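[1] turn this into a structure:
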Amino acid sequence: MKLAILGIGSVDANTIHHIRKRLCAIFPKTVCVISNSETPAPEDAYNSRRNQFHSSPILAKIHRYDEGLVADRVLGITNADLYVPRSNFVFGEAECPGKNAIISLHRLKPEFYGNPPNPTLFAQRSAKEAVHEIGHTLGLRHCRDSSCVMFFSNSILDTDRKKSTFCEKCCLLVVKYLSAV
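    Predicted coordinates for the structure are as follows:
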């Protein structure tokens, strides 16, 4: 599988490189490239009343941004705070199954919760959400195993509790998909 990472807005290069490294570790035989272009978050996705960006229009526009990226999957990474209707926020969204996914780093930072910066915790959280959303692009749904990376994170506590890897059941589905490619 070839996976491209696309920064949407200004995203720290070290964060992108860490996510790339974890994705390559979790998805064996994956070639993971980082796009050189930084794409601004589309203004029409911004909701001034909420002070957030609607993730679905951004996800839909990744199709336009990825034209130059020859990849099986594209992961957008943004610092923008994302939401979908009927939710206060989302850590990410993906086509399930599909090609494109996006994650937001905004609420993964310990500082968002009034805590001091913790680069290790932030790196773990961002990797978990990236793996989770790529799992959706492979057709995986939310898992009932609270330690599985595919478990739905309703809060940052759920993200912290789960692992960055798939449970046995979800792992078999990933292996099945990747062996078919």
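[2] ends of stretch 162-171, what's the gap?
    Terminal residues of stretch 162-171 lie 15 Å apart, using C-alpha to C-alpha, to the nearest Å.
[3] using the three-state scheme, assign residue 146.
    Three-state call for residue 146 (DSSP: H, G, I helix; E, B strand; the rest coil): coil.
[4] what about it, how many residues nearby?
    12 (other C-beta atoms under 10 Å). Glycine gets a C-beta too; all of them are placed from N, C-alpha and C.
[5] my guess is it meets residue 161, correct?
    Yes. Taking contacts as C-beta atoms under 8 Å, residue 146 lies within contact range of residue 161: 6.1 Å.
[6] was I right about residue 46 contacting residue 53?
    Yes. Between residue 46 and residue 53 there is a contact under C-beta under 8 Å: 5.4 Å.
[7] ok, those two, which is more surrounded?
    residue 53 (25 against 15).
[8] got a list of what that one touches?
    41, 45-47, 78, 80-83 (C-beta atoms under 8 Å, 6 or more residues apart in numbering).
[9] so it, which of the three states?
    Residue 53 ends up strand, using three-state DSSP.
[10] find me the pLDDT at it, would you?
    Residue 53 is assigned a predicted lDDT (pLDDT) of 97.
[11] same for the helix or strand hosting residue 19, what does it pack against?
    In the assignment (DSSP states H and E), residue 19 maps to helix 13-26. Applying 3 or more C-beta pairs under 8 Å, 6 or more residues apart in numbering; DSSP states H and E, we find helix 13-26 packed against strand 2-8, strand 31-39, strand 73-78, helix 119-137.
[12] good, wrapping up.
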